[in-house]
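1. A structural model of the following input is requested.
(one chain, ligands or ions: 1)
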Amino acid sequence: MATQEQRTSISWDYAPAPESREHVRLRDSYGLFIDGSFQDPVDGTRVASVNPATEEPVAEVAFAGPEDVRRAVQAARAAQPGWAALTGLDRGKYLFRVARLIQERARELAIVESMDGGKPIRESRDVDVPLAAAHFFHYAGWADKLSFAVGGRRVEPLGVAAQIVPWNFPLLMAAWKLAPALAAGNTAVLKPAETTPVTALLLAEILQEAELPPGVVSILPGDGATGAALVREPDIDKVAFTGSTGVGKDIQAALAGRGIPLTLELGGKSANIVFEDAAIDQAVEGIVNGIFFNQGHVCCAGSRLLVQESVAETVVSKLWGRMERLRLGDPLDKNTDVGAINSREQLHRIEALVASGEEEGAVRRTVACSLPDRGFWFAPTLFTDVAPAHRIAAEEIFGPVVSVLTFRTQAEAIEKANSTPYGLAAGIWTDKGSKAFEVAAALQAGVVWQNTYNKFDPSAAFGGYKESGFGREGGMSGLRPYLHVNPRAATARSAP
Ligand code: NDP
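-> This is a model prediction of the structure:
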C-alpha cells in the first residue's frame, strides 16, 4: 500500500490513447460522384486534402469544374421525376438504409472526419457521426408523411437542390442538407468544403451501397469557384447554403430575380448569458462546451460570454481553471479536448482577430500548453475587459477564443446580447424558469439553450435571424424549404 508520501508524489497524467487507423479504407484518389459513379473531372483538377494536425495528405480528391457541375445538375434533373414518383415509403426505405450504413461505418467515418478536419475523435465519434445517422433516420420517417408537416396541404418536391456546406461539420452538414431534400422527393448536387471533402466521398460510397438510384445525389468537391458555378447553373430549383455571411450575401445576389428559393445558414456571435443565480460549476462546463467544442469552429459557438457583474470574478476564475485542464493535441487521441485548427487560412484569421483584441485594449489570457511542431494550432484563449465595440466582441472569430463582457441587470443582458448583426443562438444560465423564459422571448436568436449549450437533435429546428440567415433546418420545419405547398388543396387522410 502506498504511503502518504508516495501518494502525493504520484503524477496523474493521461497515457496516450490514440484511435487505431488500421481499418480505415481510404482510396489514394477519389473522383467526382456523378450519376451514381465516381468519375474523372472533365474540366476540374485533382487536389490533395490535407490533415490539419500533421499537414500530411489524407487522400487526393477531384475538384469539379463548370462542365462537371453541369453534368451533375443534368444527372440530377434526369433522375428527379423517377425519384419523386416513388412512394414516400420507398424513398424512406433508401434513407433508412443510408442511416444504417452510416452506423455500420461509424468508426471509420469518425476517424476520417478527425483526420480530414482536425476535430477531436471524441466529438466526431460521439456527435458528428451519430447525429448524421440520426438525421437520415429522422427524415426517413418523414418521407411518407410529408403533408402532415404542412397542415395537411398537398405537397410536391421543388426539383433539383444545389447544396453547399462548410468545413466545420462536413458529414453532419451533408446529412442536414441531403436527408430532408431526398425525403421530400428532390434530387441533390452537394458541394463539400475545399478543406474537408473526404467524408462526403465516403458518404457517396454509402449511397452506392444503399443502391440509391443514379443521379439522385451527386457530390462535387471543389473550391469557391465550384460553389459559385453550381449556384449559376440555370437548371436548379433550390439553393441551400451553410457558411460565412459574406458568401451567403454573394449567393443571394447571384440568385436575385431568378425565383429560386434559398436557405441561408450563416455566421453568428452568440451570447452565452450567466446570471448570478446560476449553478456556476455547471455553467462553467457549458461555457467550455459552448466555445471550445470543435475548436470554436461552430456557427452557434457561445463566443460572447455575458456574465452578471456580481459573479464575474468567480466565473472567470473557475473558467480559467477549467481551461487550463483542457488537453490540446492529436485529434485521434481519445483524451483530446481541443484538436487542430481546420486550415492555415483559418489559423491566420483567428490570429489576426486575437491581435486586434490586444491592440484595442482587452486583456488576453492564453493557456500555456505545448503546441505540436507540425499542423495548425491555437491554444484556448480568454479575453476580459472587452468592450462591445471591440472587434473580438463583434466579429465571428470561429476559433477557441471567448470574449467576456459583464452586465448588471436582466435588461442590460438582453440589450447586449441583441446588439449584434447576427441572430443564430444564445445560452441562458439561471435557476429561475420564469427568468429563462422571459429572457429567451426577448432574445433575437433562432436557438436558445437553457442551462446547457450546443445540443442538437434532428427533430429540432435550427436557423437564424438577421445576418445569421433565414430558413430552418431540422425537424418538421426542415422539410418546408424543400417543398411546394399547395395553399388550398388538402390531402385525404393519407400522405404522399
Ligand atoms: P465560406 O462561406 O467561404 O465557405 C462555405 C462553403 O461555400 C464552402 O463549401 C465554400 O467553398 C463555398 N463557397 C465559397 N465561395 C463561394 C461562392 N462564391 N459561391 C458559392 N459557394 C462558395 O466559409 P470559409 O470557409 O471561407 O470560412 C470563412 C468564415 O466563415 C469563417 O471564419 C467563419 O467565420 C465563417 N463560417 C461559418 C460557418 C457556419 O457554419 N455558419 C461555416 C464555415 C465558415 P470552399 O470551401 O472552397 O471555400
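2. spell out which parts of the stretch 301-450 of the chain neighbour the ligand.
-> 346, 349, 396, 398 (Cβ under 6 Å from any ligand atom). Quick note: C-beta positions are derived from backbone N, CA and C, even for glycine.
3. check contacts around the residue most central in space within the chain.
-> Centroid check for the chain by Cα atoms, centre = their mean gives residue 169 as the closest residue, at 4.1 Å. Residue 169 makes contacts with 128, 294, as judged by Cβ atoms under 8 Å, 6 or more residues apart in numbering.
4. quick one, phi/psi of it?
-> phi -140, psi 70 (degrees, to the nearest 10).
5. check residue 32 too.
-> Taking degrees, to the nearest 10 as the convention, residue 32 sits at phi -80, psi 140.
6. is it true that it touches residue 221?
-> Yes: contact criterion Cβ atoms under 8 Å: residue 32 and residue 221 qualify, at 7.2 Å.
7. give me the common contacts of these two.
-> By Cβ under 8 Å, 6+ apart, residue 32 and residue 221 have these common neighbours: 62, 64.
8. distance of the residue in the stretch 1-150 of the chain that the ligand sits nearest to from residue 32?
-> Proximity of the stretch 1-150 of the chain to the ligand (Cβ to the nearest ligand atom) peaks at residue 63, 8.6 Å away. According to Cβ to Cβ, to the nearest Å, residue 63 and residue 32 sit 8 Å apart.
9. more neighbours: which of these two?
-> Higher neighbour count among residue 63 and residue 32: residue 32, with 29 against 20, using other Cβ atoms under 10 Å.
10. mind listing what residue 25 touches?
-> The contact partners of residue 25, by Cβ under 8 Å, 6+ apart, come to residue 108.
11. any idea which element it lies in?
-> Using DSSP states H and E, residue 25 sits in no helix or strand.
12. same thing with residue 358?
-> Counting by DSSP H and E, residue 358 is part of helix 344-359.
13. now that helix: buried residues?
-> Using 16 or more other Cβ atoms under 10 Å as the test for burial, helix 344-359 gives 346, 347, 349, 350, 353, 354, 357.
14. surely the third one and residue 401 touch.
-> No: applying Cβ under 8 Å, one finds residue 349 not in contact with residue 401, separated by 10.9 Å.
15. coming back round to it: now, which of the buried residues of helix 344-359 sits nearest residue 433?
-> The closest of the buried residues of helix 344-359 to residue 433 turns out to be residue 357 (Cβ to Cβ; 35.4 Å).
16. run a quick neighbour tally on the nearest residue to the closest one once chain neighbours are set aside.
-> Sequence neighbours aside, residue 392 is the residue nearest to residue 357 in space, at 3.9 Å (criterion: Cβ to Cβ, 6 or more residues apart in numbering). Using other Cβ under 10 Å, the number of residues around residue 392 comes to 25.
17. secondary structure class for residue 392?
-> Under DSSP: H, G, I helix; E, B strand; the rest coil, residue 392 falls in the helix class.
18. what residues are up against it?
-> For residue 392, the contact set (Cβ under 8 Å, 6+ apart) comprises 353, 354, 356, 357, 360, 362, 383, 386, 401, 403.
19. cool, and residue 231?
-> The contact partners of residue 231, by Cβ under 8 Å, 6+ apart, come to 162, 164, 239, 251, 254, 255.
20. let me know the closest of these to the ligand.
-> For these, the closest approach to the ligand (Cβ to the nearest ligand atom) belongs to residue 164, at 4.7 Å.
21. ok, the closest one - contacts?
-> For residue 164, the contact set (Cβ under 8 Å, 6+ apart) comprises 190, 191, 227, 230, 231, 239, 240, 241, 242, 243, 251.
22. one more pass at 7 Å, please.
-> Counting by Cβ atoms under 7 Å, 6 or more residues apart in numbering, residue 164 makes contact with 191, 227, 230, 241, 243.
23. and the furthest pair within the residues you listed?
-> Farthest pair in the contacts of residue 164 (Cβ to Cβ) is 230 and 243. Separation: 12.9 Å.
24. between these two, which one's more packed in?
-> Taking neighbours as other Cβ under 10 Å, residue 230 and residue 243 compare with residue 230 leading, 26 against 23.
25. can you pull the pLDDT of the nearest residue to that one once chain neighbours are set aside?
-> Nearest residue to residue 230 in three dimensions, chain neighbours excluded: residue 162, at 4.8 Å (Cβ to Cβ, 6+ apart). For residue 162, the pLDDT comes out at 98.
26. tell me which helix or strand residue 162 sits in.
-> strand 160-164.
27. end-to-end on stretch 220-238?
-> Terminal residues of stretch 220-238 are spaced 17 Å apart (Cα to Cα, to the nearest Å).
28. how many other residues sit next to residue 391?
-> A count of nearby residues for residue 391, using other Cβ under 10 Å, gives 17.
29. which residues touch it?
-> For residue 391, the contact set (Cβ under 7 Å, 6+ apart) comprises 353, 356, 357, 360.
30. how about those residues in CSV, adding pLDDT?
-> Listed next are the contacts of residue 391 as CSV, based on pLDDT from 0 to 100:
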residue, pLDDT
353, 98
356, 98
357, 98
360, 98
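31. and of these, the nearest to the ligand?
-> Taking Cβ to the nearest ligand atom as the measure, the ligand lies nearest residue 353 of the contacts of residue 391, at 9.1 Å.
32. pull the number of nearby residues for the residue lying closest to that closest one once chain neighbours are set aside.
-> Counting by Cβ to Cβ, 6+ apart, residue 397 is the residue found nearest to residue 353 once chain neighbours are left out, at 4.8 Å. For residue 397, the neighbour count with other Cβ under 10 Å is 27.
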